[in-house]
Every structure is written in C-alpha cells, then in structure tokens.
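[1] Compute the structure for the input listed below.
(one chain, ligands or ions: 1)
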Amino acid sequence: MLEVAFQHAFPGLTLDIAFQAPGGVTALFGPSGCGKTTTINAIAGLMRLDRGRIALGDRLLFDGQTDLPPQARRIGYVFQDARLFPHMTVAANLRYPARWRRGAGRDFDRIVDMLALEPLLTRRPGTLSGGERQRVAIGRALLSDPDLLVMDEPLAALDEARKAEIMPWLERLRDEIRLPILYVSHSVPEVLRLANTVVLMRQGRVTHAGPLADILTDPELAPELGAREAGALIRARIVGREPDGLTRVATSGGTMLLPALDMAPGRELRLRIWAHEVILSREAPQGLSALNVLPVRVLRVHGGLVQLALGDERMLAQITPRSVKALDLQAGAACHAIVKSVSVLPS
Ligand SMILES: Nc1ncnc2c1ncn2[C@@H]1O[C@H](COP(=O)(O)OP(=O)(O)OP(=O)(O)O)[C@@H](O)[C@H]1O
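    All right, here's what the predicted structure looks like:
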C-alpha cells in the first residue's frame, strides 16, 4: 500500500494531494497541469516538499523529519522518453542501476527474458525503435529491484503500433511480477486496460480515488474520464459455447451471450458496457433483436445517467430526461436493461 499526503506551493498552483494506492496499477488521471507529474516526482523523491507524509508499505519515505533520497526509496521510474545512456549498449544500460546490488545477475536473466530483450543487448539506444527503447527503460527500472514502479505517460511518445506492442508487456508486469505501479496517463483506453484503481485529479487536488469500475459507473464521476466513457466494467466468466457459436458467460447479474470467442470455459473476462449502449424498459421486452436483456434495479438518477444494480455490480444507462419521467425511474424501480453492444477486455 502506498500512502500519499502532501502540500506544496508553486507560484501559480498549490498542490494538496492525498490518496492511497492499494497495489496493482493505480492510474493518475486529470487535465494537463493538474499536478500528476509533480505528484510522482514527490513520491520518487525528485523534489523537496513543503510538508506531508509518504509511506510505501511499512517504509516511511517522507515526513517532517525523514526525507529519503531517491536512490533509497526503492522506486523505479519510467519517463515518457526512455532516457537511456546513448553511449552504452542495451546490456550496459540495463546493468547500470543494479551495479552494486547482490543477486542482480539472477534478476538480469529473468527480466531480459520476460521483456524479450536478448536480441537487443549488444545494440545502442540510437538504433532501437521507440517501443524497444521503452521496453529497455522498463527493464532498467525493474533491475533496480524497486518496491514500486512509477510511469509517467510511458506510451505517450509512441505511435499506435508501438503502443500496441508495449501494452502486453505492461500487463505482464502487472500480472506476473505483481509490482505495484503508479501510472500517469491521459489515455482512457490505457487506463481501462491496465488500472484497477484510479486517482482523479484537478487543479492540484485529488477529487476522487477508488476502484476503476466504481468510477466508471458513478454518474457524477464517470464524465471526468470523458463524456462517452461512462458505463459498466463487469466481471464475467466463460461458461460455454452455444450451438450457433455464441459464447455464454456468467455475470453476477445473470448469463449473457457474446459473439464467438476463442477462449476456454472458466476464463475470466471484463465486459465493457457503455451507458449509451443500454436501453431501459419497465416491462419485459418481447421480440427484440438484442441478445442481452438483464434484470436491474435503479440506484439513482443523475443528469441523463441512470445508475443500476446488476447482481452485485453497477452499470449505467444514458437516457433522456423525458424517458426518466415516462418510465418513472426512481431509486428502487425494477427494470430490464437491454444491452445493445458489449466489448470484451481480458481480466
Ligand atoms: N518547479 C516548478 N516551479 C513552478 N511551477 C511548477 C514547477 N513544477 C511544476 N509546476 C507547476 O505545477 C503545475 C502542475 O504541473 P505537472 O507537470 O505536475 O502537471 P501534469 O498534471 O503532470 O501535467 P501534464 O499532463 O501536462 O504533464 C503546473 O501548473 C506547473 O506549471
């Protein structure tokens, strides 16, 4: 668990930051200039803070008396640009942070293997693609044997193809090494794919911190990720295949049918159901082409977004004020959610 609370005044902006990152990937998300980079620099020990307390697990990194230097914080930093030493080979770059650390040789082989860096070891950074350079930067950060990895828009300088190339490696870090990661990003698709916790920031403050699925299904918070992004992220498990090829999945709110997926029964998934892809009906609908009609209960209505309970999960429907009235959608009302489309994310 990373615990962060600090205040710091710049001439144009006072930062007053407080949040906890429980493990997994925590995304810092907010408009340009809200203080994301400053926050991770503060955590990594790259700036002197006015006051606060920062602790990583049971290690105190900063408070009134303690202010550990960056190298003593055990935090690996991956910047937007890879910042490799241009005159050194990839192997020398990778070995640099671990040069005095015992046991580093063992880790070297494991991390080179995990990030598939072997073919690059004798090359110099200038001869690598942007995606390869970033992979080396990730490897170098891991070889400092950190307790936390902080990444400041690590994909922002890459084109779509290079982003797609790096993304599975980030997922492996999350799933195999299980290193907590603090991830600054402007990209909702990146946050959706990687993060389990989101810290929303605005003008030097944390406006909300919590599980990604909770933020996406909160009618007041979801628009902060982008007006079109509001909607559910639901856990599902593959149950089997229908005779016509459709995939049957179980959710806490009932079974759903998805297009044919080449995945074995038992496999866990997350289903993304955007609010604008959900229609509500008070009566059980008949004769619809939609495959998925789910029993839901209204939790609250905010603006054009209706928050719904589906089993023990939450979902959202975007509807007009006229429909809210016509359907008498008040808290507690039972409805049927007609899901027009679903996108599948790996779990
Ligand atoms: N050393 C500094 N001196 C004065 N102001 C600073 C300093 N460092 C950062 N700031 C200010 O603090 C604010 C937050 O900057 P920061 O880079 O943390 O934002 P950000 O959310 O990471 O933005 P972006 O998404 O554009 O990278 C900005 O207004 C910036 O000008």
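
[2] can you give me the end-to-end distance of stretch 113-125?
    19 Å (C-alpha to C-alpha, to the nearest Å).

[3] what does the average pLDDT come to for it?
    For stretch 113-125, mean pLDDT is 91.

[4] Could you give the separation of that stretch from the chain centroid?
    27 Å (C-alpha atoms, centre = their mean, to the nearest Å).

[5] Do I have it right that residue 317 meets residue 308?
    Yes: between residue 317 and residue 308 there is a contact under C-beta atoms under 8 Å: 6.3 Å. C-beta: built from backbone N, CA, C; applies to glycine.

[6] anything in contact with each of the two?
    residue 337 (C-beta atoms under 8 Å, 6 or more residues apart in numbering).

[7] out of the two, which sits in the more crowded spot?
    residue 317 (30 against 27; other C-beta atoms under 10 Å).

[8] Next SSE downstream of whichever strand or helix holds that one?
    Assigned by DSSP states H and E, residue 317 belongs to strand 313-318. Once the chain leaves strand 313-318, the next helix or strand it forms, by DSSP H and E, is helix 321-326.

[9] which helices and strands sit right next to that next one?
    On a contact count with 3 or more C-beta pairs under 8 Å, 6 or more residues apart in numbering; DSSP states H and E, helix 321-326 meets no helix or strand.

[10] what's the average pLDDT for it?
    Per-residue scores along helix 321-326 average to 90.

[11] who's in contact with it?
    So helix 321-326 is in contact with 280, 301, 304, 306, 329, going by C-beta under 8 Å, 6+ apart.

[12] let's see 6 Å
    residue 301 (C-beta atoms under 6 Å, 6 or more residues apart in numbering).

[13] Could you do stretch 258-271 as well?
    Taking C-beta under 6 Å, 6+ apart as the rule, stretch 258-271 contacts 233-234, 236-238, 240, 245, 247, 249, 342, 344-345, 347.

[14] swap in stretch 219-233?
    Here stretch 219-233 has contacts from 188, 200, 208, 213, 215-217, 270, 272-275, 302, 305, 307, 315-316, using C-beta under 6 Å, 6+ apart.

[15] If any of the residues you listed are buried, put those into a PyMOL selection.
    Buried residues within the contacts of stretch 219-233, by 16 or more other C-beta atoms under 10 Å, are selected in PyMOL with:
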select buried, resi 200+208+213+215+216+217+270+272+273+274+275+305+307+315+316
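
[16] out of the contacts of stretch 219-233, which are inside helices?
    188, 213, 215, 216 (DSSP state H).

[17] Residue 84 and the ligand, how far apart?
    With the distance defined as C-beta to the nearest ligand atom, to the nearest Å, residue 84 ends up 21 Å from the ligand.

[18] Look up the closest residue to that residue, ignoring the ones flanking it.
    residue 125 (4.1 Å; C-beta to C-beta, 6 or more residues apart in numbering).

[19] For burial, what's the neighbour tally of that neighbour?
    Residue 125: 20 neighbours (other C-beta under 10 Å).

[20] right, and it touches residue 86 too?
    Yes: the criterion here is C-beta atoms under 6 Å, and residue 125 meets it with residue 86 at 5.4 Å.

[21] any common contacting residues for those two?
    Common neighbours of residue 125 and residue 86 (criterion: C-beta under 6 Å, 6+ apart): none identified.

[22] I only care about the contacts of stretch 258-271 that end up buried; give me the PyMOL line for that.
    Of those, the buried ones go into a single PyMOL selection, burial set by 16+ other C-beta under 10 Å:
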select buried, resi 233+234+236+238+247+249+342+344
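
[23] dump the residue contacts of the residue most central in space within the chain.
    Centroid-nearest residue in the chain, with C-alpha atoms, centre = their mean: residue 195, separated by 1.8 Å. Taking C-beta under 6 Å, 6+ apart as the contact definition, residue 195 lies against 25, 27, 212.

[24] before we move on, the earlier item: closest to residue 148 out of the ones in helices among the contacts of stretch 219-233?
    residue 215 (21.8 Å; C-beta to C-beta).

[25] do you know how far that closest one is from the ligand?
    18 Å.

[26] same deal with residue 88?
    On the measure of C-beta to the nearest ligand atom, residue 88 and the ligand end up 28 Å apart.

[27] Now do the domain split for the chain, please.
    By the assignment in the TED database, the chain contains the domains 2-225, 231-346.

[28] May I see the contacts of residue 195 arranged in TSV, with pLDDT, distance to the ligand and neighbour count as well?
    What follows is the contacts of residue 195, written out as TSV (pLDDT from 0 to 100; distance: C-beta to the nearest ligand atom, whole Å; neighbours: other C-beta atoms under 10 Å):
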residue	pLDDT	distance to the ligand	neighbour count
25	95	18	26
27	96	13	28
212	93	19	22
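
[29] which stretch of helix or strand covers residue 93?
    Counting by DSSP H and E, residue 93 is part of helix 90-95.

[30] what's the distance between that helix and the middle of its chain?
    29 Å.

[31] and if you look at stretch 47-63?
    How far stretch 47-63 lies from its chain's middle: 24 Å, per C-alpha atoms, centre = their mean.

[32] Name the residues of that stretch that are buried.
    Those buried within stretch 47-63 under the rule 16+ other C-beta under 10 Å are 49, 52, 53, 54, 55, 56, 61, 62.
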